[in-house]
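# Sequence plus predicted model, see below.
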Amino acid sequence: GGTGPTPAARLSPQMLRLHLPDPPADSEEEEEAAAEGAAAQSSRSSIPMDAEHVELVKRTMASVKLPTLGIPAWASQISEDQWKDVVQRTLQARQS
């Protein structure tokens, strides 16, 4: 095996021609309001689901097929793990 970076480590959103918008600039007040709003929204939009309903949703979602024309060429050239690595590194870079 080589000692260089793995193929995923060499990938970047720019190389994949992805546009990632800048994250919003949050103030402490906005963060507090968002947290309160999210808690209120969660309690209002929560749908109680029994195990049978959960399985129905899972089966339905599993049967959804996206059109292949909507999948960019690079997506067939990297694995799911490589893509997750690109996303994780991008998020970490934004946090630092």
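Here it is on my side, so go on. Numbering: from 1, shown residues only.
# Any figure for the gap between Ala51 and Leu91?
Going from Ala51 to Leu91 by Cβ to Cβ, to the nearest Å gives 33 Å. Placement of C-beta: from N, CA and C, glycine included.
# more crowded one of those two?
Leu91 (11 against 7; other Cβ atoms under 10 Å).
# Please identify which helix or strand holds that one.
Taking DSSP states H and E as the criterion, Leu91 maps to helix 80-95.
# Report the mean confidence score over that helix.
On average, the pLDDT along helix 80-95 is 90.
# i'd like the first residue to be 446 from this point on
Noted, 446 is the first residue going forward, which turns the last one into helix 525-540.
# In it, which residues are buried?
For helix 525-540, burial by neighbour count (16 or more other Cβ atoms under 10 Å) applies to Gln527, Asp530, Val531.
# on contacts alone, who are the packing partners of that helix?
helix 452-455 (3 or more Cβ pairs under 8 Å, 6 or more residues apart in numbering; DSSP states H and E).
# where does the chain have low pLDDT?
For the chain, the stretches flagged by pLDDT under 70 are 446-466, 468-489.
# quick one on the thing from earlier: of the buried residues of helix 525-540, closest to Ser490?
Sorting the buried residues of helix 525-540 by distance to Ser490 puts Val531 at the head of the list, at 31.1 Å, by Cβ to Cβ.
# Give me the distance between the closest one and Ala507.
Distance from Val531 to Ala507, counting by Cβ to Cβ: 25 Å.
# do His498 as well
According to Cβ to Cβ, His498 and Ala507 sit 15 Å apart.
# Which strand or helix spans Met494?
According to DSSP H and E, Met494 maps onto no helix or strand at all.
# To what extent is the residue nearest to it when sequence neighbours are not counted buried, counted in neighbours?
Spatial nearest neighbour of Met494, excluding adjacent residues (Cβ to Cβ, 6 or more residues apart in numbering): Val502 at 7.3 Å. Using other Cβ under 10 Å, Val502 has 12 other residues around it.
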